[in-house]
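> No letters, just coordinates:
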């Protein structure tokens with residue numbers, strides 16, 4: 001059974017992001033996957049890296065967030081659902097990366113501070129589902145897709161080099177019409193089927 005971890009990062013239970021998370025969760029369960037869903041805001045996840053965690057980066061990482069780290073380490077599919085705010089991740093999701101993608105879980109330090117040594121060898125597929133207020137041309141032509149590059153090259157590749165990242169962005173999301181949202185959700189359903197075929 002495919003182990004899938006879904007991480008939602010939006011403070012509103014009735015948000016568009018919550019709807020999209022429910023859409024991908026339903027598709028994952030329909031495909032027979034073993035799904036774990038984390039709603040970071042509903043769970044009141046603390047995004048702040050603790051002093052103990054930071055001191056342990058190059059020594060002995062503390063046993064904090066053990067359940068969350070085990071979920072990440074065991075996931076074959078990771079689905080992130082979040083809004084893009086100020087061209088970046090919401091603070092709570094950035095904190096989840098800081099605290100859960102930790103040394104000893106997502107990677108190890110190389111001797112002499114060389115390139116990170118990846119540990120997420122089970123992770124094969126990452127689907128990022130995000131909403132943006134900006135139109136597509138701003139993200140692509142003006143900003144050059146900074147968040148997609150950070151996720152793919154700065155986070156996933158060093159920790160899970162075998163994983164393939166699929167980026168699905170809903171632009172001008174504050175004024176999304178019903179028909180355009182339906183097309184976006186149909187594209188998500190197709191993404192989920194592609195992920196199934198690639199595993």
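Great, that's in hand. Everything numeric here is computed off the predicted structure, so don't read it as measured data. Numbers count the residues shown, from 1 in each chain.

> All the helices of this protein, in order from the start?
Ranges of helices in the chain, per DSSP state H, are 16-30, 51-55, 66-74, 91-100, 136-137, 146-149, 157-159, 178-198.

> Select, out of these, the one closest to residue 82.
Closest to residue 82 of those, according to Cβ to Cβ: helix 91-100, at 5.2 Å. Backbone N, C-alpha and C define where each C-beta goes, glycine included.

> Tell me who's in contact with the most centrally placed residue in the chain.
Nearest to the geometric centre of the chain sits residue 80, at 3.2 Å (Cα atoms, centre = their mean). Contact analysis of residue 80 by Cβ atoms under 8 Å, 6 or more residues apart in numbering lists 7, 9, 93, 126, 127, 128, 129, 130, 151.

> next one: residue 37
Counted by Cβ under 8 Å, 6+ apart, residue 37 has contacts 6, 7, 8, 21, 25.

> Save the contacts of residue 80 as a markdown table, and put in pLDDT too.
Converted to a markdown table, these look like this (pLDDT from 0 to 100):
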| residue | pLDDT |
| --- | --- |
| 7 | 98 |
| 9 | 98 |
| 93 | 98 |
| 126 | 98 |
| 127 | 98 |
| 128 | 98 |
| 129 | 98 |
| 130 | 98 |
| 151 | 98 |
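
> sorry, back to before: possible to save the helices of the chain as CSV with distance to residue 111 and mean neighbour count?
CSV is the format used below for these (distance: least, Cβ to Cβ, whole Å; neighbours: other Cβ atoms under 10 Å):
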stretch, distance to residue 111, mean neighbour count
helix 16-30, 39, 19
helix 51-55, 20, 12
helix 66-74, 23, 16
helix 91-100, 23, 18
helix 136-137, 44, 12
helix 146-149, 28, 15
helix 157-159, 16, 18
helix 178-198, 34, 14
